[in-house]
Structure formats: C-alpha cells, structure tokens
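J.: Would you be able to build a 3D model of this:
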Amino acid sequence: MATWKDVHRLAAALPDTKETASETVVWSVRDKMFAWERPLRPSDLRALGAQAPRGAVLAVRVESLVAKEARLAAQPVALFTTPHFDGYPAVLVRLGKISVPDLEELLLEAWLARAPKTLARKHLETGPATAGSKSPRARRAGTSRSPKTGRRSPGRN
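T.: As a prediction, the model looks like this:
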C-alpha cells in the first residue's frame, strides 16, 4: 500500500513538478495544483461519520466530474469524496488503501489534467507512458494513451 514517501517520489518524477509546504504539502505543475495533502476537517468527519478514514488522506485532481464519478465507482475502498468537493473535479485518497501502481496512475492522470498540453505531450512521447506503452490500468482495460491528448483510446488486442 502507498505511503507519503511514495507520493513524494512519484510526484517528483513528473516534469516541472514543484512541491511546496506550509501547513500542508502541495504538488503543482506550472503553478497549477494537481495533488495536495488534505487532512479531514470537522465538517468532513461529520459528513462521513463512521466511514471517515483514520489515516493519511491525499487530494488529487481528476480531468472532469465524469472522471471523478468513474474513479470513485472503480475504487470505492481507496477513493472517496466529501460534500466539500461536490462539483469539484478531485477525489480523496486513503493512502493506506491504494496500491503504489494505482497511485502512480492517479498522479499521472492528475498531472496530465493540469499540465500545459505541450508539456504533457512531450512527457507522453518521451516518458514512461509513450504511445506504444500502456499504463497498468490501460493494459487491463485494453486502452492506451494518445500522445497528442494524453487521453485513453481503444487499444489493439
């Protein structure tokens, strides 16, 4: 299962990522936040009740509200949301419940959603998720990432 050490390492591996810390740690690409430490607030704890996680929580941007709903449905043990995030394209991650490969994919997708298109394209063409390779989830789903958009497209099986 993933730890803060994994978050720091995986986020730092993404191009032009800046990590800043004040009260919490924030990861951004070209001044656009894509992930951040998100301690639960009293209102979150009231809303979640007994289902409120006890461990570390990471907030991660997603591409859209549709992507958010898909992510939440696909990984209900690891991912969740609170009323504070209603209408906002982000999910909350229970670090102790997500695998490192799934965290890596989630951070990459968050980074791609926030990075400038030219930087994202360059990373996809030269980085670990090139047009010919597939992310772990894309391999399972039979899809690959487009080098132009960073979005999934049907793969060749």
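J.: What mean pLDDT does stretch 104-124 get?
T.: Averaging pLDDT along stretch 104-124 yields 95.
J.: Could you tell me which helix of this protein is the longest one?
T.: helix 100-114 (DSSP state H).
J.: what does that one rub up against?
T.: Residues outside helix 100-114 that contact it (C-beta atoms under 8 Å, 6 or more residues apart in numbering): 1-2, 6-7, 10-11, 14, 17, 27-30, 32-35, 60-63, 67, 71, 75, 78, 89, 91, 93, 95, 98, 120, 123-124, 129, 135-137, 150. Placement of C-beta: from N, CA and C, glycine included.
J.: among the helices and strands of this protein, which one scores worst on average pLDDT?
T.: helix 136-141 (a mean of 36; mean pLDDT, DSSP states H and E).
J.: that older thread, quick check, distance from the longest helix of the chain to the centre of its chain.
T.: 4 Å (C-alpha atoms, centre = their mean, to the nearest Å).
J.: Please apply the same query to stretch 29-48.
T.: Put simply, stretch 29-48 sits 13 Å off its chain's centre (C-alpha atoms, centre = their mean).
J.: what's the average pLDDT for that stretch?
T.: pLDDT averaged over stretch 29-48 gives 96.
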